[in-house]
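Colleague: Everything below, folded, please.
(chains A and B)
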Amino acid sequence: MTDLNNNSKVYRGAIMLGALAVGMFGFAYALVPLYEVFCELTGLNGKTSGQRVEMLATESNTGREVTIQFLARVGNGMPWEFRPATHQYKVKLGQTSITNYYARNRAAYAVTGQAVPSVSPGHTAEFVNKVECFCFNQQALEAGEEIHMPVKFYISEELPDDVHTVTLSYTMFKAPSHENTSHMAMLSSNRI
Amino acid sequence: MVAHAEHIPHRSGLAAFLSRWLLTTNHKEIGSLYLWFAFSMFFVGGALAMGIRLELFMPGIQLIEPAFYNQLVTMHGLIMVFGAVMPAFVGLANWQIPLMIGAPDMALPRLNNFSFWILPFAFGMLLSSFFMEGGAPNFGWTFYAPLSTTYGPDSTDFFIFGVHLMGISSVLGAINIMVTIFNLRTPGMKLMEMPLFVWTWLITAFLLITAIPVLAGAVTMVLTDRHFGTSFFSADGGGDPVMFQHIFWFFGHPEVYIMILPGFGIASQIIPTFARKKLFGYNSMVYATASIAILSYVVWGHHMFTTGMPLAGELFFMFCTMLIAVPTGVKVFNWVATMWRGSMTFETPMLFAIAFVILFTIGGFSGLMLAMVPADFQYHDTYFVVAHFHYVLYPGAIFGTMAAVYYWLPKWSGHMVDEWWGKLHFWTAIVFVNLTFFPMHFSGLAGMPRRIVDYSHQFQDFNLVSSFGAMGLGLTQVLFLFIVIKTIRGGEPATDKVWESAEGLEWTVPSPAPLHTFETPPPWPINETETHEGAA
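Modeller: Predicted coordinates:
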């Protein structure tokens, strides 16, 4: 059993298996971008595309009507008041619509916020197209400052027939402190 | 591969004792160390469970503060999974795999010593968190973000490094087991001739090497989210807390098979011995174990049905999960077919093995119920889940380990286990285990949520029975400790073969097994007329 031949086989095997273990540690990290890509490709998880879309060239007036609902909530430790101007209305598919969100900084200091959108049901996210949205940028509010922020969007006509209500929800997070801001902006542009 | 222990100079008293056990590279001694360590952790985890059940004896908050209750639940899970079940199986592997394949020792004996001695430090660190300001980890053994990131107590970092150490130990142990099985089998023993305990451990080792590093990655992400400004799991930095669950359960589901496959192997060794028949369907057993291991990597989503997963995902994970019932069913039917028309006798190891088959199957069935998406929405996070995984872990993993100890202890110690005591242990354990965990099915179906310190009055009767059973079950395991010590200290001498129709290389060495065995590889297949050939 002590012959060198067998020993080197043992060491080679152990090193290969050790490399496999290290590789699996890396795979745990690879799951992070994989997860992002998977959600983006399939539109799962209610993530809307972070991209601004062009206005429709021709607006359709023939599309069926669906109900669009608006929700707003604030993240942990966010001192803002944040709510939609209207909670729901009916909109025709393929027709551009504008609504407003209201935000007010209740803190005695300036706070920067970043809104993260989510669409429910999740698989309808890819049909909600935003021409203009406050979630594309961070919002900086001075102490006590208030703001009305527009969302301009249309729901594409390919929306599945069985969907009658689409809910658009925004969570307003407190953006991390300034040294992280550029990193944050990079992340959000990738992931919203 | 000559034993290194012999080169340690002789010292006396404590120094000799310490250097023997600290520096040993002998697979039998390290196996014993693992088993005793697991046994002590089993009692620590059990003591925490007693705290939980005492509090749940009656509705309302009696003895334990809600914050401390959360710590008890978390630490009970962590200690039992990583401190008791896994080291116990590694200990059995250390003792038995070289004996069963005719190897003189593990392939990397010094690494073996290292992987054991990491463990006391890992769990010392984890347990020390009880005495820290802010208390022990309190987020459940699954440490979901943001409970462990944003809201975790300061001791979370000790938990993280404890998991890192324990993971290193498991991966090194698994590597050692794998290279031992691949390189040190006695000449002529083909892979498809290996005993099933060796086969199931080979597959378990593969799962350990591929799954545990993912857990290490998850805790590292939690660490950097807590202290180094990353946002893997926090939405305000662009991350996603649901992703934590995906990464965790990608590890977590293979982990549950890590905790049961060696048990399958043990049952497959014991049942043929006491049914006095060859194992029915050896090949199908191997293939079934391998397919369970492969499937375990594509079913993690069934832990997350209620996280808003799309229908396609729910269906995929549901059907894959149900598919696992097929190879598992193959195994159960093979065990039953092995017993069918066998000349069965019911010594203690056989009783535990039969209880393993029956009660594990009950746990398997409740697992199938949980796999069904529409039903899972009702069962999710209720005591039904608690009942399910305790049925697969207690009568599965723990009874499997106990069956193995009763089966091989005469070989290790040279003394037969006193059957009267063994049977007393078995019958009390089987009554109390069902008394403890069966009522949880009912309280769960009636809607009692898990991991909560208090409960509504209508669940009182079920909880009373569970708590009563748990106290009995705890006492029963003290009986087990007594039996093990009693057997080591004395008893009827065991023959080399120990059991009338035991088969395998481990029964060709003397009882108790000498420190060094198979220094020359034994002949294979076993030649019945010259049994002591391989022993040193």
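Colleague: roughly how far out does stretch B:350-367 sit from the chain middle?
Modeller: Mean C-alpha position of stretch B:350-367 versus that of the full chain (Cα atoms, centre = their mean, to the nearest Å) differs by 15 Å.
Colleague: Strands of chain B, start to end?
Modeller: Counting by DSSP state E, chain B has no strands at all.
Colleague: quick one: low-confidence parts of it?
Modeller: Within chain B, the stretches with pLDDT under 70 are B:1-11, B:528-536.
Colleague: Minimum distance to chain A, which residue of it gives it?
Modeller: For chain B and chain A, the shortest gap (Cβ to the nearest Cβ) falls at B:G217, measuring 2.5 Å. C-betas here are computed from N, CA, C, even on glycine.
Colleague: Spatially nearest residue to that residue (excluding sequence neighbours)?
Modeller: Nearest non-adjacent residue to B:G217, counting by Cβ to Cβ, 6 or more residues apart in numbering or on different chains: A:A28, 2.5 Å away.
Colleague: so that neighbour touches B:P213, yeah?
Modeller: Yes. A:A28 lies in contact with B:P213 (Cβ atoms under 8 Å); the separation is 6.7 Å.
Colleague: So if I had to pick from those two, which one is more boxed in?
Modeller: The residue with more neighbours, out of A:A28 and B:P213, is B:P213; 24 against 21, by other Cβ atoms under 10 Å in any protein chain shown.
Colleague: How about the contacts made by that one?
Modeller: Each residue near B:P213 by Cβ atoms under 8 Å, 6 or more residues apart in numbering or on different chains is listed here: A:21-25, A:27-28, B:167, B:171.
Colleague: Next, the contact list for B:G51, please.
Modeller: Taking Cβ under 8 Å, 6+ apart, we find B:G51 in contact with B:63-64, B:72.
Colleague: Drop the exposed ones from these and show what's left.
Modeller: B:64, B:72 (16 or more other Cβ atoms under 10 Å in any protein chain shown).
Colleague: Closest to the centroid, which residue in chain B?
Modeller: Centre of chain B computed as the mean C-alpha position; nearest residue by Cα atoms, centre = their mean is B:V85, 2.9 Å away.
Colleague: thinking that one is in contact with B:V392, fair?
Modeller: No. At 10.9 Å, B:V85 does not count as touching B:V392 under the criterion of Cβ under 8 Å.
Colleague: What about the contacts of B:P213, which are in helices?
Modeller: A:21-25, A:27-28, B:167, B:171 (DSSP state H).
Colleague: could these be laid out in a markdown table, adding distance to B:F426?
Modeller: As requested, the ones in helices among the contacts of B:P213 are arranged in a markdown table below (distance: Cβ to Cβ, whole Å):
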| residue | distance to B:F426 |
| --- | --- |
| A:A21 | 39 |
| A:V22 | 44 |
| A:G23 | 44 |
| A:M24 | 39 |
| A:F25 | 42 |
| A:F27 | 43 |
| A:A28 | 42 |
| B:G167 | 34 |
| B:V171 | 35 |
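Colleague: Mind giving me the ChimeraX command for buried ones among those?
Modeller: Selecting only the buried entries of those in ChimeraX, with 16+ other Cβ under 10 Å as the criterion:
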select /A:21,24,25,27,28 /B:167,171
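Colleague: List just the nearest of the ones in helices among the contacts of B:P213 to B:F482.
Modeller: B:G167 (33.6 Å; Cβ to Cβ).
Colleague: Now that that closest one has come up, it's in contact with B:I209, right?
Modeller: No. If you go by Cβ under 8 Å, B:G167 and B:I209 don't touch, sitting 10.7 Å apart.
Colleague: what's the closest non-adjacent residue to B:M125?
Modeller: Leaving out its chain neighbours, the residue that sits closest to B:M125 by Cβ to Cβ, 6+ apart is B:G162, at 4.5 Å.
Colleague: ok, now which ones touch that neighbour?
Modeller: Listed by Cβ under 8 Å, 6+ apart, the contact set of B:G162 reads B:122-123, B:125-126.
Colleague: near chain A at all, stretch B:498-510?
Modeller: No. Against chain A, stretch B:498-510 shows no contacts by Cβ under 8 Å from any Cβ of the partner chain, the least distance being 15.0 Å.
Colleague: how long is that stretch end to end?
Modeller: Terminal residues of stretch B:498-510 lie 10 Å apart, using Cα to Cα, to the nearest Å.
Colleague: Please compute how far it lies from its chain's middle.
Modeller: Relative to the chain's own centre, stretch B:498-510 is displaced by 25 Å; criterion: Cα atoms, centre = their mean.
Colleague: That concludes my questions; thank you for your assistance.
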